[in-house]
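J.: Quick one: sequence plus predicted model below, questions after.
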Amino acid sequence: MELCPRPNGLLLTFLFRVLSLEGKSYPWDTRASGYGRGEGVATIVIKPLEDAIRDADPVRAVIRHTALNQDGKTQTITSPSLQAQQELIRMCYDRARLNPADTTYVEAHMTGTPAGDPVEAEAIGSVFSQGRRKGEHLYVGSVKSNIGHTEATSGLASVIKVVLALEKGLIPPNINFDKANPRINLNEWNIQVPTRLQKWPSGRLRRASINNFGYGGSNSHVILDGAFDHFQPLCREIDVAGQVPKIARSHENHRRIFVLCAKDVASITATVVKLRDYLQEVKVEDEDSFLSNLAFTLIRRRSSFPWVAAISAGSISELVHALNVKTLELQRPTNLPQIGFVFNGQGAQWHAMGRELIDAYPIFRESVYEADQCFRDAGSSWSLIGMSF
């Protein structure tokens, strides 16, 4: 979805004459006469940083702050507001307690329209140029110059581009940029539109902004830090103290579920024995990382077959002990789909919806208690029964 909600419909693009007759976007260029349309689908995954560290997730970039506002009344519904965009950028940085002069790159909306480009350029230039040292250019670009305006996907396309730029330490080039629109004073604002791939400037923070706005006057701004720069203080703390800080090791020794599957009972029995023998001999330096990789590989990188064995364990020794063919429960799931319901106590209809079933139906009650035990065995910190009452 686009970072800013806006009216849908190709009709609007023709009605307000924002489409380029050439079918290309020329952002901030003298040839800009409208945007070229593109098509795209995008998905990003966001998660609280502390939770991502706890769960040992790969962190591609860190969202420092986001902000939204609205143009209010302008000359036309599609006319952008310089003041609103300036206020939004300043608000975003003020709330994040960051200095815009430290930002190296801005991924601009840059549609390539005669009305929108100069306004956005002035908003970005007037804010980010303040306090910036001479020679430290602000690099500004837009993914629309490369793939067109993907409309409802354009905001997320910008986010993905910036995350990759931060991660790789490279500033991507813009095509279709030759000479700046005369109303856009790049020299005065110390702005450079990159036209070739280049390394991130040495000694500069891997920090970038994304500026986005919509037809109806909605504006949005996002500040992103590269994971490398963001975690440097944490890395220094590890080096100095000689140990991993609590937040970085909070994921250690947690339980995982190891799933084995095979076509028949003989095959799965052999698989269990082979895995147990392997684990008894293997030498690992990082047991936690090894178990995470093993659990992931078994469930995501192996084919699914009818016979299944699932083991919950928090260490190699515990997993070896559980891999006992005589006591291990092997199951052959039915081909018929089974549906289970977990009532979270905040049903859409009324509080604790479904709780009466526990007292009314013994089979239901036994199933709930059995499910609760499964959650606890898997290391759950909350009780299914506790949530029901």
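T.: Nice, thanks for sending it over.

J.: shaky segments in the stretch 51-200 of the chain?
T.: 77 (pLDDT under 70).

J.: That one: helices as residue ranges?
T.: For the stretch 51-200 of the chain, the helices defined by DSSP state H, counting those that start in this stretch cover 82-96, 116-128, 144-147, 154-168.

J.: Tabulate those helices (CSV), appending distance to Glu50 and mean neighbour count.
T.: Placement of C-beta: from N, CA and C, glycine included. Converted to CSV, the helices of the stretch 51-200 of the chain look like this (distance: least, Cβ to Cβ, whole Å; neighbours: other Cβ atoms under 10 Å):
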stretch, distance to Glu50, mean neighbour count
helix 82-96, 17, 18
helix 116-128, 30, 23
helix 144-147, 34, 22
helix 154-168, 19, 21
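
J.: Minimum distance to Glu287: which of the ones you listed has it?
T.: Set against Glu287 and scored by Cβ to Cβ, these come closest in helix 154-168, at 28.4 Å.

J.: what does the closest one rub up against?
T.: Here helix 154-168 makes contact (Cβ atoms under 8 Å, 6 or more residues apart in numbering) with 1-4, 38, 40, 42-44, 60-61, 105, 107, 109, 142-144, 147, 150, 171-172, 200, 206, 208, 210, 212, 220, 222, 224-228.

J.: So which of those residues sit within strands?
T.: Among the contacts of helix 154-168, DSSP state E puts 61, 105, 107, 171, 208, 210, 212, 220, 222, 224-226 in strands.

J.: Now the two most distant members of these.
T.: Largest separation among those by Cβ to Cβ: Ile171 and Ser220, giving 22.0 Å.

J.: quick one: Asn99 and Arg133 touch, right?
T.: No: using Cβ atoms under 8 Å as the test, Asn99 is too far from Arg133 to be in contact (11.7 Å).

J.: so Glu136 makes contact with Asn190?
T.: Yes: in this structure, Glu136 is within contact of Asn190 by Cβ under 8 Å, at 7.3 Å.

J.: quick revisit: quick one: which of Asn99 and Arg133 has more around it?
T.: The residue with more neighbours, out of Asn99 and Arg133, is Asn99; 14 against 7, by other Cβ atoms under 10 Å.

J.: Contact partners for that one?
T.: Residues near Asn99 by Cβ under 8 Å, 6+ apart: 93, 131.

J.: Tell me what the spatially closest residue to Ser209 that is not a sequence neighbour is bridged to.
T.: Computed as Cβ to Cβ, 6 or more residues apart in numbering, the closest residue to Ser209 that is not its neighbour in sequence is Val106, at 4.7 Å. On the basis of DSSP bridges, Val106 is bridged to Val140, Ser209.

J.: Val106 contacts Ala121, correct?
T.: No: using Cβ under 8 Å as the test, Val106 is too far from Ala121 to be in contact (10.3 Å).
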